[in-house]
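Student: sequence? don't have it. structure:
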């Protein structure tokens with residue numbers, strides 16, 4: 001393994017490996033490197049990394065230093081000199097009447113040489129042009145003829161796919177491209193559709209050539225005599241990517257075509273046999289086993305589409321509340337119409353019920369023998385005490401009303417009318433004191449008698 005740094009000149013074309021000589025370089029840094037032409041300014045496209053010794057050609061050229069401000073200033077001066085040299089060279093070419101197209105001019109980093117790149121259909125005698133340029137720039141002049149592909153690589157641009165030219169981005173060298181590649185890939189053979197801006201066949205036709213060469217081995221060619229599982233026929237249309245062939249079977253009409261997969265037919269060697277000869281059997285078709293049905297996972301939620309989703313039922317309107325009087329009347333009518341099951345049981349006693357009643361009667365004395373509960377008696381509320389007091393008063397007071405029959409009505413029923421009895425005079429009570437009267441009024445406003453101990457002062 002060896003440590004290298006990958007760089008590009010003018011950030012285009014092929015990447016070259018250089019020896020960093022202990023420098024730590026990052027992608028995007030400007031470097032001054034040593035080349036066969038002398039010192040050059042280059043762009044780093046890949047920092048320090050290791051590669052196999054067989055992946056590079058030894059010995060490697062070294063990296064001199066990271067570019068300084070002075071180096072960048074020299075590079076700007078060279079860019080201006082290149083623009084001036086390009087204009088002057090175009091004028092001289094027009095003066096000499098040479099059949100050549102000037103593409104670009106490049107000035108060396110040290111400023112001791114200027115290189116002009118041009119394209120031409122044939123050879124050009126530019127000796128007089130070189131003399132004129134050397135007299136003007138007072139430096140070494142070099143004219144180099146390049147092809148149309150190199151011209152597109154140096155100029156750059158956007159291809160028909162919408163991306164920059166491959167030759168200007170990552171292609172290291174140009175590989176041969178033929179029309180056969182476009183034919184194998186079932187592309188249109190129109191030159192304007194398969195040619196690039198340079199006028200040559202597009203370099204991208206070679207990218208998928210190996211894949212198509214592998215696919216074409218398992219599918220017969222178009223127009224071949226084939227044997228299918230349904231008989232013999234002629235291949236009419238071939239789809240390499242789908243590995244399918246449309247076949248016209250012998251005996252069918254011209255409009256009837258059958259679609260077969262690559263494993264369902266085979267090409268007959270030698271083509272269609274002569275009349276009277278039986279074609280050989282070359283197909284060994286084995287039907288593929290049926291694929292097992294995929295079981296639905298219990299943990300996966302079923303996918304419901306819009307037309308499968310059931311709408312929730314509309315909520316029923318809440319019934320209006322009936323008044324309490326209607327509810328009571330309804331309960332009374334139900335109780336009269338349907339007597340309680342206990343009442344039915346009493347009306348029609350059965351043997352089981354009689355036995356249960358005897359068992360309960362036997363258990364009553366045992367319950368009476370139990371000790372009374374030791375829990376303290378529960379205090380009664382104010383309303384309970386008032387009811388007990390009212391009951392005791394009614395028992396103590398004499399009956400003031402009595403009912404006597406007063407005759408009969410027209411229907412013959414006896415009518416009872418209440419008769420008020422005069423109350424016996426009660427002994428005059430002592431007049432209460434004014435303080436006691438005020439206390440009775442207060443208790444009357446509060447709504448009852450005060451509890452024992454309530455309202456008494458502690459002092």
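Tutor: Now that the structure is in, tell me what you want to look at. For clarity, every value in this text was computed on a predicted model and none was experimentally measured.

Student: How about residues contacting stretch 49-63?
Tutor: Stretch 49-63 has contacts (CB atoms under 8 Å, 6 or more residues apart in numbering) with 1-6, 16-21, 23, 25, 31-35. For glycine as for every other residue, the C-beta is placed from the backbone atoms N, C-alpha and C.

Student: let's see it at 6 Å
Tutor: In this structure, residues lying in contact with stretch 49-63 by CB atoms under 6 Å, 6 or more residues apart in numbering are 1-4, 17-21, 23, 31, 33-34.

Student: Format those as JSON lines; extra columns: distance to residue 360 and pLDDT.
Tutor: Formatted as JSON lines, these follow (distance: CB to CB, whole Å; pLDDT from 0 to 100):
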{"residue": "1", "distance to residue 360": "103", "pLDDT": "87"}
{"residue": "2", "distance to residue 360": "108", "pLDDT": "90"}
{"residue": "3", "distance to residue 360": "106", "pLDDT": "91"}
{"residue": "4", "distance to residue 360": "108", "pLDDT": "92"}
{"residue": "17", "distance to residue 360": "110", "pLDDT": "92"}
{"residue": "18", "distance to residue 360": "113", "pLDDT": "93"}
{"residue": "19", "distance to residue 360": "113", "pLDDT": "92"}
{"residue": "20", "distance to residue 360": "109", "pLDDT": "91"}
{"residue": "21", "distance to residue 360": "114", "pLDDT": "89"}
{"residue": "23", "distance to residue 360": "110", "pLDDT": "90"}
{"residue": "31", "distance to residue 360": "112", "pLDDT": "93"}
{"residue": "33", "distance to residue 360": "116", "pLDDT": "93"}
{"residue": "34", "distance to residue 360": "121", "pLDDT": "92"}
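
Student: Buried members of the residues you listed into ChimeraX, please.
Tutor: Here is the ChimeraX command that selects the buried residues among the contacts of stretch 49-63 (16 or more other CB atoms under 10 Å):
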select :4,17,18,19,20,31,33
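
Student: Can you tell me which of the contacts of stretch 49-63 is nearest residue 284?
Tutor: Residue 284 lies nearest to residue 1 out of these, by CB to CB, at 50.8 Å.

Student: which residue sits closest to the closest one, ignoring its sequence neighbours?
Tutor: For residue 1, ignoring the flanking residues on the chain, the nearest one in space by CB to CB, 6 or more residues apart in numbering is residue 50 at 4.5 Å.

Student: circling back to that earlier point, mind listing which of the contacts of stretch 49-63 are in strands?
Tutor: Using DSSP state E, the subset of those located in strands is 2, 3, 4, 17, 18, 31, 33, 34.

Student: Who are the contact partners of the fifth one?
Tutor: The contact partners of residue 18, taken as CB under 6 Å, 6+ apart, are 5, 7, 33, 60, 61, 63.

Student: Residues in a beta bridge with the first one, which ones?
Tutor: Bridge pairing for residue 5 (DSSP bridges) gives the partners residue 18.

Student: List the contacts of it.
Tutor: Counted by CB under 6 Å, 6+ apart, residue 5 has contacts 18, 20, 25.

Student: Which pLDDT does the model give it?
Tutor: Among the per-residue scores, residue 5 shows a pLDDT of 92.

Student: The last one now?
Tutor: Note for residue 63: predicted pLDDT of 93.

Student: From residue 28, how far off is it?
Tutor: 15 Å (CB to CB, to the nearest Å).

Student: Next: the fifth one.
Tutor: Residue 61 sits 20 Å away from residue 28 when distances are taken as CB to CB.

Student: higher neighbour count, those two?
Tutor: Neighbour comparison, residue 61 and residue 28: the larger count goes to residue 61, with 15 against 10 (by other CB atoms under 10 Å).

Student: What's opposite the residue nearest to residue 1 in the beta bridge?
Tutor: Assigned bridge partners for residue 50, using DSSP bridges, are residue 3.

Student: Quick check: which ranges of this protein have low pLDDT?
Tutor: 11, 288, 290-353, 362-388, 390-437, 439-441, 443-459 (pLDDT under 70).

Student: Let me know the secondary structure of residue 252.
Tutor: Following DSSP: H, G, I helix; E, B strand; the rest coil, we place residue 252 in the coil state.

Student: What residues are bridge-paired with the nearest residue in space to residue 251 that is not next to it in sequence?
Tutor: Take residue 251 and drop its neighbours on the chain: the residue closest to it by CB to CB, 6+ apart is residue 231, 7.8 Å away. In this entry, residue 231 is beta-bridged to residue 228, by DSSP bridges.
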